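> next comes the sequence, and after it the predicted model I'd like to discuss.
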Amino acid sequence: MRILLTGSTGQVGNALLSTLQRLDHNEIIAPQRAQMDLSNPDQVRQLIQDIKPDLIINPAAYTAVDKAEAEANLAQTINGDIPSIMAEEIKKIGGALIHYSTDYVFDGSKHAEDGSLIAYTEEDQTAPINVYGKTKLAGEQAIIASNCNHLILRTSWVYSTFGKNFLLTMLRLANEREELKIVNDQWGAPTWAGWIAQATTDIVSQWQTASMSQDWWKEYGGTYNFTSGGTTNWCGFAQEIMRQADVKRLLKKNAPVVLGIPSTDYPTPAKRPVNSILSSDKLRDKFGIQPPAWQDALAACLEPINN
Ligand SMILES: NC(=O)c1ccc[n+]([C@@H]2O[C@H](COP(=O)([O-])OP(=O)(O)OC[C@H]3O[C@@H](n4cnc5c(N)ncnc54)[C@H](OP(=O)(O)O)[C@@H]3O)[C@@H](O)[C@H]2O)c1
């Protein structure tokens, strides 16, 4: 199988580069920005036509959520227009597209009558409240409209020991400060890029086992929530990082105290949804994939740096 992998310098793409190696009869082509610039639609189209992949896996995205408010056109090109081109071209070849999307396609207002938050299912109404979410939704909609063989995997709060993310920011701040004030009124599930890559590879392997049949996509294609199990807020995540990371050994100092604050005390250019909790029931029912509890995934991620 010839796989065209984008974003291999990002958190998920980099993890995929290793997990995809374990598949048999596999050729991975992972062009970097210099060879495949996602702000250049003509170049992307030509490259797909030249490579003729059986599968495009597209974790590349414009992911700077706050900056996107001022760079809406660029974010729309990368997150909205490029997935549309990928879908159109892969359909012509008769291949398939695995694309990643986000909890930010929702407005975060879903709740029960008593005010408690309820997890979003794949069927819930989308209503993004920031530019990044709007452009990611545009990408989803273009892929679905193209009717190509596809999976849209909606993940949330992605972290790893690689790249730019909340985990590494917290470890940097732990080195600099004795007290951290972190938002405690946005709820979701931190999701390890390593798990996203493993679970994606499991799915690709299931398609391979089905002899890469086109009919497989009628049964399994579509949109899936793709996050860790359990729920926390950013402050809870930061506290768990300080509890699990061997800060004393890593930084030669005590872990800082982590205090919760409301979002109103930490204004950002882009609004964030209060409720980012996504149900994984469909992923479990269709693919037999049970996401790990977010705390267990964090432990697995930290293992190499703690030991
Ligand atoms: N990060 C999160 O918290 C989060 C949450 C929900 C959903 N997601 C979704 O999950 C997926 C993976 O996210 P991630 O955290 O792995 O992203 P990431 O670490 O920010 O990596 C983004 C990747 O996209 C590439 N890219 C950006 N602009 C490009 C351009 N013009 N041309 C070529 N490549 C370009 C980057 O390349 P360079 O290294 O050259 O910049 C990088 O490899 C994305 O679809 C994202 O929307 C992420």
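Right, received. Where do you want to start?

> every contact and neighbour count from this point should use C-alpha atoms.
OK.

> check which residues of stretch 279-297 are buried.
Ser279, Ser280, Asp281, Lys282, Leu283, Ile289, Pro291, Pro292, Ala293, Trp294, Gln295, Ala297 (16 or more other CA atoms under 10 Å).

> so is it next to the ligand?
No - counting by CA under 6 Å from any ligand atom, the ligand has no neighbours in stretch 279-297; the shortest distance is 13.9 Å.

> also stretch 115-130?
No - Stretch 115-130 does not reach the ligand (CA under 6 Å from any ligand atom); its nearest approach is 12.8 Å.

> contacting residues around that stretch?
Residues from elsewhere that reach stretch 115-130 (CA atoms under 8 Å, 6 or more residues apart in numbering): 69, 104-107, 110-112, 134, 137, 223-225, 270-273, 275-280.

> whichever of those end up buried, select them in PyMOL.
A single PyMOL command selects the buried members of those (16+ other CA under 10 Å):
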select buried, resi 69+104+105+106+107+110+134+137+223+224+225+270+271+272+273+275+276+277+278+279+280
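
> residue numbers of this protein in contact with the ligand?
Counting by CA under 6 Å from any ligand atom, the chain sits next to the ligand at 7-13, 33, 36-39, 59-63, 100-103, 155-158, 163.

> bridging residues for Ala96?
Leu55, Asn149 (DSSP bridges).

> and it, how many neighbours does it have?
Ala96 is flanked by 25 other residues according to other CA atoms under 10 Å.

> wait, it sits on Asp54?
Yes - if you go by CA atoms under 8 Å, Ala96 and Asp54 touch, sitting 6.4 Å apart.

> can you list the buried residues in the worst-scoring helix or strand of the chain on mean pLDDT?
None of the helices or strands of the chain scores lower by mean pLDDT, DSSP states H and E than helix 247-251, at a mean of 82. Residues of helix 247-251 classed as buried: Val247 (neighbour count, 16+ other CA under 10 Å).

> that one packs against which elements?
In this structure, helix 247-251 packs against helix 166-176, with contacts taken as 3 or more CA pairs under 8 Å, 6 or more residues apart in numbering; DSSP states H and E.
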